[in-house]
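**Student:** could you look at this predicted model? Sequence included:
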Amino acid sequence: MDFIPSKRADQYLWWKNMSDNIAVEGPKLGLAPADVTSVKALADAQLAAMEAMDAAKVALDGARETERTTTDSSVASIRARVRNWKTLGTYEGSGSEGVLRLRGPSSVVDPLTFKTVLKASVVASQVRVDFTKGGVDAVNIYTRLRGTTGWTKLALDSSSPYYDTRPLTNAAQPESREYMGRGVIDDEEVGVDSDIVSVAFGG
């Protein structure tokens with residue numbers, strides 16, 4: 001068996017142990033001081049790289065969540081304002097609709113039958129959920145653990161993909177997550193549930 005663990009979290013602890021103990025254990029093995037110093041530097045460089053990656057991931061997850069919540073708020077606000085503008089008597093003759101791009105392309109979406117298509121995959125210790133919009137404004141993403149009933153809404157997302165950054169329910173136990181989506185037009189769910197997709201998530 002490989003002495004270096006396969007899981008990233010365990011690898012970090014392995015390198016940390018090496019860094020902490022090589023100065024004492026190296027001479028016992030008969031290593032020259034230069035070799036001990038070199039191994040210590042190697043372990044410390046690996047730890048620094050992993051810690052930098054973790055910090056970048058935390059920052060990226062935070063930025064994604066900030067963008068998502070800001071987008072949801074901004075889109076809801078601008079839609080409400082534009083609906084009000086369209087009631088103004090000066091709207092039609094102003095020519096502003098075209099300049100401000102207030103009319104989307106002709107949609108062939110049937111609000112009764114629309115069905116988004118989801119795809120779930122594990123990317124960098126989080127679940128990536130790709131979805132199709134097909135003319136709707138956004139998609140509501142729902143989840144549950146396989147074997148359970150009832151769905152939990154994760155987000156309203158107007159731009160694919162959605163990233164599920166939640167940790168494992170039980171940190172020591174991988175889980176199978178299921179995802180389902182519904183289309184949204186003018187803040188109302190339309191169509192039918194997507195097919196359920198699942199992914200094995202180990203954290």
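**Tutor:** Nice, thanks for sending it over.
**Student:** so what's the nearest residue to Leu31 once chain neighbours are set aside up against?
**Tutor:** Spatially, and ignoring its direct neighbours in sequence, Leu31 is nearest to Val39 (7.7 Å; Cβ to Cβ, 6 or more residues apart in numbering). All C-beta atoms are positioned from the backbone trio N, CA, C, and that covers glycine. Applying Cβ atoms under 8 Å, 6 or more residues apart in numbering, we find Val39 in contact with Met18, Ile22, Gly26, Leu31.
**Student:** and the gap between the last one and Thr37?
**Tutor:** This means Leu31. Computed as Cβ to Cβ, to the nearest Å, the Leu31 to Thr37 distance reads 10 Å.
**Student:** any regions of the chain where pLDDT drops low?
**Tutor:** The chain contains residues with pLDDT under 70 at 105-107.
**Student:** domain boundaries for it, per the record?
**Tutor:** 8-63, 118-201 (automatic domain parsing).
**Student:** tell me the most buried of these?
**Tutor:** Of those, the one with the most neighbours on average (mean count of other Cβ atoms under 10 Å) is domain 118-201, at a mean of 16.
**Student:** to Ser94, which of the domains of the chain lies closest?
**Tutor:** Among the domains of the chain, domain 118-201 comes nearest to Ser94, with 22.3 Å by Cβ to Cβ.
**Student:** tell me which helix or strand comes right after the top strand by length along the chain.
**Tutor:** Counting residues, the longest strand found in the chain (DSSP state E) is strand 175-185. Per DSSP states H and E, the first helix or strand lying C-terminal to strand 175-185 is strand 188-190.
**Student:** can you name the next helix or strand after that following strand?
**Tutor:** strand 197-201.
**Student:** that next one packs against which elements?
**Tutor:** Packed against strand 197-201 by the contact rule (3 or more Cβ pairs under 8 Å, 6 or more residues apart in numbering; DSSP states H and E) you find strand 118-123, strand 126-131, strand 175-185.
**Student:** follow-up on the earlier one: which strands and helices lie in contact with the longest strand of the chain?
**Tutor:** Where contact means 3+ Cβ pairs under 8 Å, 6+ apart, strand 175-185 is packed against strand 118-123, strand 126-131, strand 138-145, strand 188-190, strand 197-201.
**Student:** could you dump those into a markdown table and include distance to Arg166?
**Tutor:** As requested, the helices and strands packed on strand 175-185 are exported to a markdown table (distance: least, Cβ to Cβ, whole Å):
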| stretch | distance to Arg166 |
| --- | --- |
| strand 118-123 | 13 |
| strand 126-131 | 8 |
| strand 138-145 | 8 |
| strand 188-190 | 22 |
| strand 197-201 | 9 |
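**Student:** contacts only, for Glu65.
**Tutor:** Thr165.
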